[in-house]
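Chemist: The sequence isn't on hand, but the structure is:
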């Protein structure tokens, strides 16, 4: 079995490294991670508007519009913020000015939005709205995320092209660098305007809508209600970890945009009044965090608990060191300390457990016993509390965390016992076969 893992790692390591080191994918991953504070804070306002307290909804009814504002300007503008951060990271990878790259990316994103003409006589909250052109927020939220990613990549490549080919206005020596950089960005700015303005506003091509149509099959497979997509995602994330490669770092650039769009889409629809049981996306990142990956990738919290009761001194000590981080979904100590990496005895359940838990929660959700996720709290929240928060305080969803935990214990147990024997044998300086013989003779 170990030879199989060695051969597999030799084949997959180069591919994983290429994906992880690809500058555009890196920029997308880092850019989306950078806006996590906005989406987390915005999600807390969704929680605030939906606390399960009798009479609470009537109490806050006069203030709902006001309390909804932070959500709209954080989560609701996700695409706009992402365009800036992705453009900044990609520019930095090319040794270009990060601020200029970010601004050009935002410009391209905004130019893909068609302003709405408001006529006289329209009122909102009892007040008249001035007749003018307004930018709608919807295309700058989850619906526009992939358009924003595309805009950031194109805008920065235009910026780089102009730099490489010296297509810029050169200022005399002695001019402050900030001024010189501003003038150098004039031509890239003009090109970005023309490239995004003409297709959308002259030719009527809705790039966001076109992208949605093109990626909808992949989105439906990875984050919709497709069980196979959820299983495939978990399989590859766990497989890479068993070879010592950060699974989320490899898969993140591919899957994270879909995950982020899925949870934000659920949040927006829930905020607009849709039932949590009818939201469109089952497989969000939060679905996996609280059920398939409780304690970290591989649902290793169950394994850490088994270590706590191990007869092996090393495993017991490792369990003690890993339990607190594990409760908060950090499991590098057990992954590299046991180790799980390149260790078939633990790598097999490490891959199997998340897939089994995914299937269990998928079936429960499809049958209507559990709502979909619609809030994005920090990943470090303990799983039961995280499941409670992200499902609009659904206690059955919280209970299912414990069900998955016990399923994980059952699956891990025989592999743990086999691995424990090898550790005890090493501690006693014996072979595993000698240890088994001595145990049999003692019994």
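Modeler: Good, I have the coordinates. Predicted model only: the values in this text are computed from it and were never measured.
Chemist: Provide a list of residues in contact with residue 331.
Modeler: Applying CB atoms under 8 Å, 6 or more residues apart in numbering, we find residue 331 in contact with 295, 296, 297, 298, 300, 301, 304, 322, 325. All C-beta spots, glycine's among them, are computed from the backbone N, C-alpha and C.
Chemist: and what of residue 242?
Modeler: Taking CB under 8 Å, 6+ apart, one finds 5, 340, 341, 342, 343, 347, 350, 351 in contact with residue 242.
Chemist: buried subset of those residues?
Modeler: Among those, those that count as buried by neighbour count (16 or more other CB atoms under 10 Å) are 5, 340, 341, 343, 347, 350, 351.
Chemist: so what's the second one up against?
Modeler: To tie it back to what came earlier, the one meant is residue 340. Residue 340 touches 241, 242, 298, 300, 334, 346, 347, 350, counting by CB under 8 Å, 6+ apart.
Chemist: Which of these fall within helices?
Modeler: 241, 242, 334, 346, 347, 350 (DSSP state H).
Chemist: surely the fourth one meets residue 419?
Modeler: Yes - with the criterion set as CB atoms under 8 Å, residue 346 and residue 419 qualify as a contacting pair; they are 5.8 Å apart.
Chemist: Any chance you could list residues touching both of those two?
Modeler: Common neighbours of residue 346 and residue 419 (criterion: CB under 8 Å, 6+ apart): residue 338.
Chemist: From the chain's centroid, how far away is stretch 232-244?
Modeler: The chain centre lies 15 Å from the centre of stretch 232-244; the measure is CA atoms, centre = their mean, to the nearest Å.
Chemist: Can you list the buried residues in that stretch?
Modeler: For stretch 232-244, burial by neighbour count (16+ other CB under 10 Å) applies to 233, 234, 235, 236, 237, 238, 239, 240, 241, 242, 243.
Chemist: what's the closest non-adjacent residue to the fourth one?
Modeler: If I follow you right, that is residue 236. Spatial nearest neighbour of residue 236, chain neighbours left out: residue 251 (5.8 Å); criterion: CB to CB, 6 or more residues apart in numbering.
Chemist: isn't that neighbour right next to residue 235, touching?
Modeler: No - using CB under 8 Å, residue 251 is not in contact with residue 235; the gap is 10.2 Å.
Chemist: I'd like to know how many residues surround residue 284.
Modeler: 26 (other CB atoms under 10 Å).
Chemist: Now do it against residue 300, distance only.
Modeler: Going from residue 284 to residue 300 by CB to CB, to the nearest Å gives 21 Å.
Chemist: Next: residue 357.
Modeler: Separation of residue 357 from residue 300 (CB to CB) stands at 12 Å.
Chemist: the more surrounded of these two?
Modeler: residue 300 (33 against 26).
Chemist: Sketch out the low-pLDDT regions of the protein for me.
Modeler: 1-17, 19-20, 120-128, 174, 430-443 (pLDDT under 70).
Chemist: Need the phi and psi values for the most centrally placed residue in it.
Modeler: In the chain, the residue lying closest to the centroid (CA atoms, centre = their mean) is residue 256, at 4.4 Å. Dihedral pair for residue 256: phi -60, psi -40, per degrees, to the nearest 10.
Chemist: so it touches residue 26, yeah?
Modeler: No - with contact defined as CB under 8 Å, residue 256 does not reach residue 26; the gap is 11.7 Å.
Chemist: Residue 329: what secondary structure?
Modeler: coil (DSSP: H, G, I helix; E, B strand; the rest coil).
Chemist: actually residue 283, not the one I typed
Modeler: Going by three-state DSSP: residue 283 is coil.
Chemist: For residue 338, see how far away it is.
Modeler: Taking CB to CB, one finds residue 283 at 28 Å from residue 338.
Chemist: got it, and residue 114?
Modeler: 55 Å.
Chemist: Excluding chain neighbours, what is closest to residue 306?
Modeler: residue 416 (4.6 Å).
Chemist: Contact partners for that neighbour?
Modeler: With the criterion set at CB under 8 Å, 6+ apart, residue 416 makes contact with 303, 306, 307, 310, 346.
Chemist: wait, which of those residues is closest to residue 276?
Modeler: Top of the list for closeness to residue 276, among the contacts of residue 416 and by CB to CB, is residue 303 at 31.5 Å.
Chemist: That closest one and residue 347 touch, don't they?
Modeler: No - using CB under 8 Å as the test, residue 303 is too far from residue 347 to be in contact (11.5 Å).
Chemist: In contact with residue 298: list those residues for me.
Modeler: By CB under 8 Å, 6+ apart, the residues touching residue 298 are 238, 241, 331, 335, 340, 349, 350, 351, 353, 354.
Chemist: Tell me if I am right that the first one is in a strand.
Modeler: Going back to what we said before, that points to residue 238. No - assigned with three-state DSSP, residue 238 falls outside any strand and is helix.
Chemist: That one against residue 356, yeah?
Modeler: No - the criterion here is CB under 8 Å, and residue 238 misses it with residue 356 at 11.8 Å.
Chemist: The longest helix along the chain: which residues count as buried?
Modeler: Assignment by DSSP H gives helix 395-428 as the longest helix of the chain. Within helix 395-428, the residues that count as buried by 16+ other CB under 10 Å are 397-398, 400-401, 404-405, 407-409, 411-412, 415-416, 419-421, 423-425.
Chemist: What segments of the stretch 101-250 of the chain are strands?
Modeler: 116-118, 123-124, 127-128, 132-134 (DSSP state E, counting those that start in this stretch).
Chemist: got the contact list for the last one?
Modeler: If I follow you right, that is strand 132-134. Here strand 132-134 has contacts from 115, 116, 117, 118, using CB under 8 Å, 6+ apart.
Chemist: Direction included, what does it pair up with?
Modeler: Using DSSP bridges, strand 132-134 pairs in its sheet with strand 116-118 (antiparallel).
Chemist: For the strand it pairs with, give me every contacting residue.
Modeler: 129, 130, 131, 132, 133, 134, 135, 136.
Chemist: Let's see that with 7 Å instead.
Modeler: 129, 131, 132, 133, 134, 136 (CB atoms under 7 Å, 6 or more residues apart in numbering).
Chemist: re the thing from before, pretty sure the residue nearest to residue 236 sits against residue 238.
Modeler: No - with contact defined as CB atoms under 7 Å, residue 251 does not count as touching residue 238 (10.1 Å).
Chemist: Give the buried residues for stretch 53-67.
Modeler: residue 60.
Chemist: measure that stretch end to end?
Modeler: 17 Å (CA to CA, to the nearest Å).
Chemist: Stretch 26-46 too?
Modeler: So stretch 26-46: terminal residues 30 Å apart, CA to CA.
Chemist: Please identify the buried residues of that stretch?
Modeler: By neighbour count with 16+ other CB under 10 Å, stretch 26-46 contains the buried residues 26-32, 34-35, 38-40, 42-46.
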